[in-house]
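[1] need coordinates for the below:
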Amino acid sequence: MVRACGLLTAQKEPVPLKSIEVELEVRDHVAAVVSTLNYENKENKPLEAVFVFPLPGDAAVCHFSAKIGQTQIVAEVKEKQKAREEYDDALSSGQQAFLLEESDQSPDIFSLSVGSLPPGESASIRLEYVTELAVQADDGLRFCLPAVLNPRYQPRGSEGVQVTSVPASLVPYSLSFSARVSSPRPISKVESNCSLDPLQDLNTDQTQATVKLAAGHKFDRDVELLIYYKDVHQPTAVVEAGQASAEPGSLMADSVVMVSLYPEFPQSVTSSVASCGEFVLLMDRSGSMSNSRISSARDTLLLLLKSLPMGCYFNIYSFGSRYEHIFPKSVEYSQQTMEEALNTVVQMEANLGGTEMLQPLKHIYSQPCIPNQPRQLFVFTDGEVWDTKEVIDLVKRNSDSHRCFSFGIGEGASSALINGMAKEGGGHAQFITDTDRMQAKAMQSLRFALQPAVVDISVTWDLPKEVSVTVLSPPITALFQGQRSLIYAQLSGQVGAINSPQVGCSDSDSFPGGGRTQRMARHKSEGEGGATFYVFTCRIIIIRSSFCFIFGFSASVSEQQTRDPLLQLVSLQEATGKWLLDPALPTALGKTNEEVEKSKPVLANKEIWATILALIWLHGLKMDSKNEWDLLAMKAASWLRAQNAPWVTECVEAANLLLGCSVMKEALGL
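    Numbering: from 1, shown residues only. I've put the predicted structure just below:
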């Protein structure tokens, strides 16, 4: 059952929303968000109202206040039951009262009881929170401002207030959104799925800038902001002075440092991939995945299956109100099992009803792990679930046995669900908007899954005798390419020298809004460290991180022809990585059978010729999609090297001539 949401009366009737004002302040990898929402009671009687709105799952709320007429209310943090009792007492005595609660089912849904709103009066709600920004596969930092009226799916039999979406033409309120970005490193660019005014640099070194949402935007969808820094893989630190008014020795009184580690590993490491693993793909087939989404999902599963290494195991689950799986348990990857899976994939439709992933996850985790085949879970969903906490907790309980890579598809995907699953599962989160190709982002995550992990990590602090450090973050147990880690630490003693701006270091004067890092550090401490890659110096702080690399971790489609020549070519690849000289191959390459046969060196093996033709076509004509076919091309090159066949050079030359390319043999990995 889906119920209306927003600011509602006890009868679930909406209270008019007049405007939303949002101010975003990004400091390196942490965002501070100030939201002001204005409402008006146009009825001739008082209204007892409830407001439900979404927040990032790991956000730390640091301020909440509300103003009704001339009455100002500032929130206090109290134990839940006691807060409810005091709220009821205030209402019964005719007083104004607000009650803010986090949903028991989803950490990104907050319920606000605003008490009695007199007739003709306006209510202004101000909320401030801080949150870490997730790193995307292209190194950008993602901030998402969820539309206040966003969809959330509620499983059968559950209770709770739901959020509904409205058409853009019916959005009766205005949105003002501005962002200030500051970092020790230069800001490269800021992008959005919505129209933005031009980025305004505030200084010559491009470390501070502002940007605004273009006028006239209707808040009918999530506002996504992607922030890109230069020198993104260089470690940085943001140091924030303590508050003079705080109790001495407390977290808020001491200085706090946030260290960002986002290393780039040598190509010799990242180019090697594991040849083992159990890959479990869990695909959303609910009704909201219809049309282009399910079509893109089928193409994504095709690319993933073609790119898996020989020797691994795999299975594919799909879910809605119920779930299905192709095999009773994961099977070894071979030409036969790949073809069987693909024959099922091409028939998948978005016809399984609602969005309930808890049960298929439980079934996946109930299956025993395969020895020496680390489990890798890929979850694709539009994120419209209600029991987010249960799902994330389930992933967390099983984090020792697998890694979880999650994908949020389309507008309205829950950032708490997608980020939470990836974080607790030690994987990577991706968000796919309607302008993104799901295939490209899925293949980026598969590359992460196939790369070796960095373990045995130690962080040492070289500090003066009068300065001590208390690390507030959980220890870092592993790092992967494309994974960012933040370390929060409390600095005690004579730390005055740290608070002067230096290379990669700043104080709260350089970055307005002092106290944000302390709050996030406190939030982290309450809620929850080979070859030396770098040494980072910030005045008196030296941070050294040492890493030891541990390797080994952590079919053709029936007769269907796809419109996309790339996917058509991919569909013809064998599980081993080779291509056959099949009549469908010339069609995918845009050539005739006669042209392909005539161009083949006389003594060359047909499979060698077909495979080199496919590789030359990919490298010569499809470099703009390299992130989608890179892994399957590596598998093809590996197969070619294993053949140790003659006539490879001649085949490369003939393929270039036929296809009008100039690809060198070395570029193919041969």
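[2] output the host helix or strand of M258 as PDB - backbone C-alpha positions only.
    Here M258 sits within strand 255-261, counting by DSSP states H and E. Output in PDB follows, covering the C-alpha atoms of strand 255-261 (Å, rounded to 0.1, in the frame of the first residue of the first chain):
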ATOM      1  CA  SER A 255      41.400  20.200  16.900                       C
ATOM      2  CA  VAL A 256      40.300  17.500  14.500                       C
ATOM      3  CA  VAL A 257      41.900  16.300  11.300                       C
ATOM      4  CA  MET A 258      40.300  14.500   8.400                       C
ATOM      5  CA  VAL A 259      42.700  12.600   6.200                       C
ATOM      6  CA  SER A 260      41.600  11.500   2.700                       C
ATOM      7  CA  LEU A 261      43.400   8.500   1.100                       C
END
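[3] what lines up beside it in the sheet?
    strand 236-240 (antiparallel), strand 485-493 (antiparallel) (DSSP bridges).
[4] check contacts around S401.
    Going by CB atoms under 8 Å, 6 or more residues apart in numbering, S401 touches Y365, C369, R375. Just so you know, the C-beta spots here come from the backbone N, C-alpha and C atoms, and that holds for glycine as well.
[5] ok, and the most crowded of those residues?
    R375 (23 neighbours; other CB atoms under 10 Å).
[6] surely that one and R403 touch.
    Yes. If you go by CB atoms under 8 Å, R375 and R403 touch, sitting 7.4 Å apart.
[7] kindly provide the distance from D231 to V257.
    Distance of D231 to V257, given as CB to CB, to the nearest Å: 19 Å.
[8] more crowded one of the two?
    Each of D231 and V257 has its neighbours counted (other CB under 10 Å); V257 has more, 25 against 11.
[9] tell me who's in contact with the residue most central in space within the chain.
    With distances taken as CA atoms, centre = their mean, A429 lies nearest the centre of the chain, 2.9 Å away. Residues in contact with A429 (CB under 8 Å, 6+ apart) are A134, F405, S406, F407, G408, I418, N419, M421, A422, K423.
[10] just R126 next, same as before
    By CB under 8 Å, 6+ apart, the neighbours of R126 are V34, S35, T36, H63, F64, S65, A66, K67.
[11] kindly recompute the last result at 6 Å.
    Shown in contact with R126 (CB atoms under 6 Å, 6 or more residues apart in numbering): T36, S65.
[12] host element of it?
    strand 122-132.
[13] mind listing what's buried along that strand?
    Buried residues in strand 122-132, defined by neighbour count with 16 or more other CB atoms under 10 Å: A123, S124, I125, R126, L127, E128, Y129, V130, T131, E132.
[14] how much does that strand deviate in direction from strand 485-493?
    Strand 122-132 and strand 485-493 meet at an angle of 90 degrees, taking axes from the mean of the first three to the mean of the last three CA atoms, to 10 degrees as the criterion.
[15] what pairs with strand 122-132, parallel or antiparallel?
    Strand 122-132 is paired, per DSSP bridges, with strand 30-40 (antiparallel), strand 60-68 (antiparallel).
[16] need the three-state assignment for A575.
    coil (DSSP: H, G, I helix; E, B strand; the rest coil).
[17] apart from its neighbours in sequence, what residue is nearest V223?
    Leaving out its chain neighbours, the residue that sits closest to V223 by CB to CB, 6 or more residues apart in numbering is L145, at 4.2 Å.
[18] typed the wrong thing, it's L301
    Counting by CB to CB, 6+ apart, V345 is the residue found nearest to L301 once chain neighbours are left out, at 4.8 Å.
[19] do G620 as well
    C661 (3.0 Å).
[20] again, but for Q200
    T210 (4.9 Å).
[21] partners of the one you found in the sheet?
    R180, Q200.
[22] mind listing which of the contacts of S401 are in strands?
    With strands taken from DSSP state E, the overlap with the contacts of S401 comprises R375.
[23] and which of the contacts of S401 is nearest to V395?
    Lowest distance from V395 to the contacts of S401 (CB to CB) belongs to Y365, with 8.8 Å.
[24] list the buried residues of the longest helix along the chain.
    The helix that spans the most residues within the chain, counting by DSSP state H, is helix 626-643. Across helix 626-643, burial judged by 16+ other CB under 10 Å covers 627-640.
[25] name the helices or strands packed onto the next helix or strand after that helix?
    The helix or strand immediately downstream of helix 626-643 is helix 648-659, counting by DSSP H and E. Counting contacts by 3 or more CB pairs under 6 Å, 6 or more residues apart in numbering; DSSP states H and E, helix 648-659 is packed against helix 606-621.
[26] next, the angle from the helix it packs on to helix 626-643.
    150 degrees.
[27] and helix 606-621, what's its mean pLDDT?
    Helix 606-621 shows a mean pLDDT of 93.
[28] domain assignment for this protein?
    Taking automatic domain parsing as the domain assignment, the ranges for the chain are 7-229, 236-268+454-550, 274-450, 565-668.
[29] stretch 284-299: end-to-end distance?
    14 Å (CA to CA, to the nearest Å).
[30] ok, A75 - contacts?
    Shown in contact with A75 (CB under 6 Å, 6+ apart): F64.
[31] and it, how close does it get to Y87?
    11 Å.
[32] export the strand holding R126 as PDB, just CAs?
    Below are the C-alpha coordinates for strand 122-132, written out as PDB (Å, rounded to 0.1, in the frame of the first residue of the first chain):
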ATOM      1  CA  SER A 122       3.400  29.700   8.300                       C
ATOM      2  CA  ALA A 123       5.900  27.100   9.400                       C
ATOM      3  CA  SER A 124       9.600  27.300   8.600                       C
ATOM      4  CA  ILE A 125      11.700  24.200   9.200                       C
ATOM      5  CA  ARG A 126      15.500  24.400   9.200                       C
ATOM      6  CA  LEU A 127      17.600  21.300   9.100                       C
ATOM      7  CA  GLU A 128      21.400  21.000   9.000                       C
ATOM      8  CA  TYR A 129      23.300  17.800   8.500                       C
ATOM      9  CA  VAL A 130      26.800  16.700   7.400                       C
ATOM     10  CA  THR A 131      27.600  13.600   5.300                       C
ATOM     11  CA  GLU A 132      30.500  12.100   3.400                       C
END
